[in-house]
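K.L.:
Predicted model, plus sequence, below.
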Amino acid sequence: MNTLSRRDFLKVLGVGSTATAAALALTACGGNSTGGGSAGGSTGAATATAAPQVNEDASVYEQTQAAGFIAAEVSIASGDPASFLPLKPAGGGKAILNEIYEPLCDQDGPSGELYGVLAKNWYWDGDDFYVELYDSIYDSAKNHLTANDVVWYYKRMQEEGYDDQKYNRYFNDCEVVSEYVAVFHAKPGDAGANVFQADNNLLRGACVVTQAAFEAASDMMATSPVATGRYKLTEYITGLSATIERVSDDEYWQKDLSVVGPQHQANVQKINYFFITEAAQVVNALKTGQIDYASEISSTAAAEFSASSDYTVYRFYSNRMFQTYFNCWADGGCPLADINLRAAICYAINSDDILAAVGGEEFARRLYEFCVPGVQSYNSDCESWDSYYSKCDIDLAKEYLAKSSYNNQVLKIYYYTGEHAEMEEGVALTIGAALDQIGVKYDITPTTDADNLNIPTNANWDLLCTTTGANGNALSLLGKFSTDQYEGGIGNWFDDTLNTMYKEFNTRTGATAETNSKFQQYLIENFYAYGTLEGILIDAWRSSKVANATTKTFRNWTIPGAWVYVE
Amino acid sequence: MGNNPFLSVKDLRVEYTSDKKAIYAVNGVSFELEKGKSLGLVGETGAGKTTIAKSIMRILQCPPACIKSGEIYLDGEDLLQKSEKDMLEIRGKEIAMIFQDPMSALNPLMTVGEQIAEVVATHDKSLSKHEAEQKAIEMMEMVGIVGSRAVEFPFQFSGGMKQRIVIAIALACNPQLLLADEPTTALDVTIQAQVLRMIKDLQDKIETSMILITHDLGVVAETCDTVNIVYAGKILEKGTVEEVFDAPTHPYTRGLFDSLPKLNEKTDRLTPIPGMPLDPSIKFEGCPFAPRCERATDRCRQGEIHETHLGGTHYCSCVLCDQRGEA
Amino acid sequence: MGRYVFNRLLWMIFILIGVAILIFTILYLVPGDVSTHFLGESATIEDRAAFNHKYGLDQPYLAQLGNFLYSLFLKGDFGTSFKYNTPVIEELLVRIPRTLFLGVSCIVVNALIGIPLGMMAALHQNKWQDTLCMVLALLFVSVPNFWLALEMVDLFAIRLGWFPPFGIDKTTSWVMPIIAGSMAGVAANARQTRSSMLEVIRADFITTARAKGVDEGIVVRRHMLPNALIPVVTGLGVGPSKSIAGNVVIERIFTIPGVGTYMLSGIDNYDYPIVRSSVVILAVFSSLVMLLVDIVYAIIDPRIKAQYSGKAKGK
């Protein structure tokens, strides 16, 4: 399924020219908006779901850069990566690493398709997963990158204790087959080979570097990355700024630029990153011209920029789901172990009210299941199911309440503070108001990791409001139902059926819209959790410089190299 | 009384303003002092003695303390008409003052030598730094302190020595008029004698006139030529020391003398003057002592009380001694 | 005097050990699971256990404390950040000059503006200058510095374009941070100067000075000011240690990569090595600064110098 190389991918589309392919790919990645379920392969037609102001159709923006034109310079605000260590590339401030390092493969946002960057080809053979590299890769120190380096990289990563690629979890070992081919021996069956996206995880974002360069650096490349990517780091002032500059086409190892994916374009010569910590200052910096682009700005700032023709404002769904879990721990004496009480709460909650409480359609959209529309395996049928999502019924709620064993306990509602604190608070308060309507007592407390609410078998909470970002597939939103991370799951369900269903979903062929729907329906029948909202994000950029800044990594990180610039 | 007294104070009135209320500190004081002589200003605390002295030197800060009217002639010139610039030259040089509390009279952060040198240098700009320092050491030796201690700081000296330094400062420029405000009150008796003697010696050397403010009649007897009895900002009785001590006339003066314990008498209780001094914020009429005086009459409480000449230079401001000095 | 300084330095070592134990214990007692924070939501139970083991977080309190103290004091190892994998001391060495510059500049501005303000108020007590100065001082101390900072950015950076809104690349970038950071201190200095001046103005030795015929200006400068400034020096001395640790808000708003933001990021991220080492470094600074202030006292005030040298009051 996901073993198509980029060329095959394009053949499926039936297009030959790179420009158009790039354009279509941009459309797909840009809006993160495809509502249609796509388990594999298709770009998916943009389904118009949504609030009038949210721009789903990124194709209104210029799709390709003028031929031969490389913009001179661009500046953006970003988080501080603080370290350029290639072994652990994850994390918001590390989008800059995406320009410097190259992974074996990268993933297209909504379609979930892998396309190769360092890897030319990859395929399964039973429990063995083979990866073939391009034969002409060399880094900026002129070291040649071979399968030796790949094998060394994964093993080194393990030694240092980083496993974002989940190599250790699903694979036993890896070894060199030939100069450019390496093999990964997966754990058999559901322990590894059969796990959903085990290969995808392995390849995607694995920023392989040469052993020679890595060992030559005294600090594991924390301040001095040497890599194969299209940009190299030229200046770094910790806590303040970093600058990267484009590697010339002659020096770049990949001579066939037609195979380079949309996220690895290099349309600008020099990129300046400023690590501005204060949100208001980011907006100020955009206004004064010190930066040309600001992401995740507030609605008020967005309104200011919309009013001016000097700026372009782009709203899109963030794939961040606001979710509420119920603590169903019977042994812990939690009141919500009683399904009738949970049912009462679920029927009392009205997501439209929650949406209104956080500010309406400018800020979020309401959900109809424990999943956001922008991911694979989303089945839009859920919007017409007869569930508590579509039907808020106070009388029915009260009936359930009467049947339940609720004895005037005060339910403890927690919400996580952090970036989304205000919206979380809005969600919690609205749920509280719903409980008021049926006569259930509660109190609301903000919390952080410190309260250890997510450690297993903790009876000190009843409702937990939190958020999760979605990475490509619905499965990424359902992690807390997995007993790998939490004994019994974060909601202390201790439900074998849930476990089984999750494991089924979490397989290579099992992650489909049907399986997702089955899972979601099980959640709904058992009133296990409530998916409330999906957040909206707003970006703004200077129109005179940037024509299209909608291309992001599959995790919605900012990659200025991939934008389209005004000539 | 000589024809040209060195210092002549005429009808001096000083008021303090505090919170929009007026405090009548000095209410029409007049006296004279001849060159080379010492005048004792005697009175209770709060009588206005220090204010009179500070007025002569014009170092009262106005506000809150302002000289309302009067004339002060020093060697023929009215000090109250002079500009501040002129007064700067007079202070420290023509007129000098010794203060009551030696513990706080010196700048803690400057060496004593510097502080003495400052007054010297201020009045003789032609002196070099070294010369001023030399003069300072001289003055220190004159008051009986080893010259090498000029580099020490005030906290390194005892109270008596600090007072000597203050005296050194006062006398450094050979002032014509020395105002000594209770110079020995803060010192113990043995030092007191020393200091007084020293002042007298220096005074004789340079022929300085002196006003000595004190509440101690004994000191007045020892050191002064003339004496003024001050009460509530007015002078009630004045004359030479012999005149006033031999024949104290004003009831207040008599009260003062009566309250002194006598060596050759045995008593169980001393005889204080009953009552409390006037509230200085009230402008009084007549004699300020009237409320406490057992001989007060109605006439005592009205109008101005004139001075009665009792003979020689002896004057008394009492209604009862209108008839030739008998009370 | 030399012995006094030596004694203080000796004491400093004990104080630092105490500070290290204290901060370590506080961090130890803070609730929250470090591993979950670093490894993310998707980490398995085994992953977390491995993380805790790697950093020694599963050892008992005394063992961890012992290790920490040993590495810090005997090996001079300030630890490596969990998150960034860089040695903390390197980061700190780069950041300290920036914070120091900001802090010291703020103190200088404080003194340059606050002391004259206070003096003017004291010399014209209860007149319009006094009221004006005190109202200004009150204004400065009441205005929250982050609000002032953002308003200044709005006016000077956006509307007028005089200064850049953030960063430290140009010299002009420092103007707004310094002004915003020093405002509250100006008020404190002005008030302190005013009250100590008022005390000194009424002092007896001022009358003595005037009685010497010394010009009033000289009286103010040579006699009043030095005496009035001693308490003010205390205030200025407390400033640097506060400034180095404080001014976090200013650093954050203007994106000045200093010690404050570093510590803050350590706290946010449960990055114990950063927090511990930063606190110890700050303790070193504070102690040194206080020692410096005490030495300055001794230079200004001979009474104190005598105290330090153990000289009895001379005769």
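P.N.:
Yep, it's here.

K.L.:
and the helix or strand hosting residue B:30, how far out from the chain's middle?
P.N.:
Here residue B:30 sits within strand B:21-33, counting by DSSP states H and E. Per CA atoms, centre = their mean, to the nearest Å, the displacement of strand B:21-33 from the mean C-alpha position of its chain is 13 Å.

K.L.:
Next, count neighbours for the residue in the stretch 151-300 of chain A positioned nearest to chain B.
P.N.:
Nearest residue of the stretch 151-300 of chain A to chain B (CB to the nearest CB) works out as residue A:239 at 44.6 Å. All C-beta spots, glycine's among them, are computed from the backbone N, C-alpha and C. Number of residues near residue A:239 (other CB atoms under 10 Å in any protein chain shown) recorded here: 22.

K.L.:
Test my guess that it contacts residue C:264.
P.N.:
No: using CB atoms under 8 Å, residue A:239 is not in contact with residue C:264; the gap is 11.0 Å.

K.L.:
and residue A:236, that one's in a helix?
P.N.:
No: Residue A:236: not assigned to a helix; according to DSSP: H, G, I helix; E, B strand; the rest coil it is strand.

K.L.:
Can you read off the pLDDT for the residue of the stretch 151-300 of chain A closest to chain B?
P.N.:
Residue A:239 carries a pLDDT score of 82 in this model.

K.L.:
In contact with it, which residues?
P.N.:
A:80, A:275, C:95, C:255, C:256, C:257, C:258, C:261, C:262 (CB atoms under 8 Å, 6 or more residues apart in numbering or on different chains).

K.L.:
Contact residues of the stretch 51-200 of chain C facing chain A?
P.N.:
Residues of the stretch 51-200 of chain C lying close to chain A (CB under 8 Å from any CB of the partner chain) are C:51, C:54, C:81, C:83-86, C:91, C:94-95, C:150, C:153-154, C:157-158, C:161, C:164-169.

K.L.:
Show me which of these are buried.
P.N.:
C:51, C:81, C:83-86, C:91, C:94-95, C:150, C:153, C:157, C:164-168 (16 or more other CB atoms under 10 Å in any protein chain shown).

K.L.:
which ones among the residues you listed come in contact with chain B?
P.N.:
Answer for those near chain B: none qualify (CB under 8 Å from any CB).

K.L.:
Just confirm residue A:489 contacts residue A:480, I think it does.
P.N.:
Yes: using CB under 8 Å, residue A:489 is in contact with residue A:480, at 6.3 Å.

K.L.:
more neighbours, those two?
P.N.:
residue A:489 (25 against 20).

K.L.:
Nearest residue to the more buried one in space, please, no chain neighbours.
P.N.:
Nearest residue to residue A:489 in three dimensions, chain neighbours excluded: residue A:481, at 5.1 Å (CB to CB, 6 or more residues apart in numbering or on different chains).

K.L.:
Please spell out the segments of the chain that come in under the pLDDT threshold.
P.N.:
Just so you know, I chose chain A. A:1-57, A:88-93, A:109-111, A:164-165, A:449-456, A:484-485 (pLDDT under 70).

K.L.:
other chain: chain C
P.N.:
C:40-43, C:239-246, C:310-315.

K.L.:
Based on its surroundings, how many neighbours for the residue in the stretch 201-327 of chain B that chain A sits nearest to?
P.N.:
The nearest approach of the stretch 201-327 of chain B to chain A comes at residue B:281, 59.7 Å away (CB to the nearest CB). Neighbourhood size, residue B:281 [other CB under 10 Å]: 12.

K.L.:
That one touches residue B:20, doesn't it?
P.N.:
No: Residue B:281 lies out of contact with residue B:20 (CB under 8 Å); the separation is 10.9 Å.

K.L.:
Which SSE is immediately downstream of the biggest helix by length in chain C?
P.N.:
Taking DSSP state H as the criterion, chain C has its longest helix at helix C:88-123. Where DSSP H and E defines the elements, the next helix or strand beyond helix C:88-123 is helix C:128-142.

K.L.:
Contacts for that next one next, please.
P.N.:
C:114, C:117-118, C:120-124, C:183-184, C:186-188, C:190-191, C:194.

K.L.:
any idea of the angle that helix forms with helix C:88-123?
P.N.:
160 degrees (axes from the mean of the first three to the mean of the last three CA atoms, to 10 degrees).

K.L.:
ok, back up a step: the residue of the stretch 201-327 of chain B closest to chain A in helix, strand or coil?
P.N.:
Assignment for residue B:281 (three-state DSSP): coil.

K.L.:
what pLDDT does it get?
P.N.:
Per the predicted model, pLDDT is 80 at residue B:281.

K.L.:
Could you do the one 3 residues further on as well?
P.N.:
The predicted local confidence for residue B:284 comes out at a pLDDT of 79.

K.L.:
give me every residue that touches it.
P.N.:
Here residue B:284 is in contact with B:24, B:27, B:232, B:278 (CB under 8 Å, 6+ apart).

K.L.:
can you tell me the helix or strand for it?
P.N.:
Counting by DSSP H and E, residue B:284 is part of no helix or strand.

K.L.:
what separates it from chain C, distance-wise?
P.N.:
29 Å (CB to the nearest CB, to the nearest Å).

K.L.:
if we can go back for a sec, which strands or helices does the longest helix of chain C pack on?
P.N.:
Contact here means 3 or more CB pairs under 8 Å, 6 or more residues apart in numbering or on different chains; DSSP states H and E; on that basis helix C:88-123 packs against helix C:128-142, helix C:175-201, helix C:225-245, helix C:248-253, helix C:259-268, helix C:272-300.

K.L.:
the inter-axis angle of that helix versus helix C:272-300?
P.N.:
Using the same axes, to 10 degrees, helix C:88-123 lies at 40 degrees relative to helix C:272-300.

K.L.:
for helix C:88-123, which positions count as buried?
P.N.:
Within helix C:88-123, judged by 16+ other CB under 10 Å, the buried ones are C:88, C:91-92, C:94-96, C:98-103, C:105-107, C:109-111, C:113-115, C:117-123.

K.L.:
just to revisit the earlier point, kindly provide the distance from the residue of the stretch 151-300 of chain A closest to chain B to residue A:86.
P.N.:
For residue A:239, the distance to residue A:86 equals 21 Å [CB to CB, to the nearest Å].

K.L.:
and if you look at residue C:25?
P.N.:
Residue C:25 is 36 Å from residue A:86, by CB to CB.

K.L.:
who has more neighbours, those two?
P.N.:
More crowded of residue C:25 and residue A:86, by other CB under 10 Å: residue A:86, with 26 against 12.
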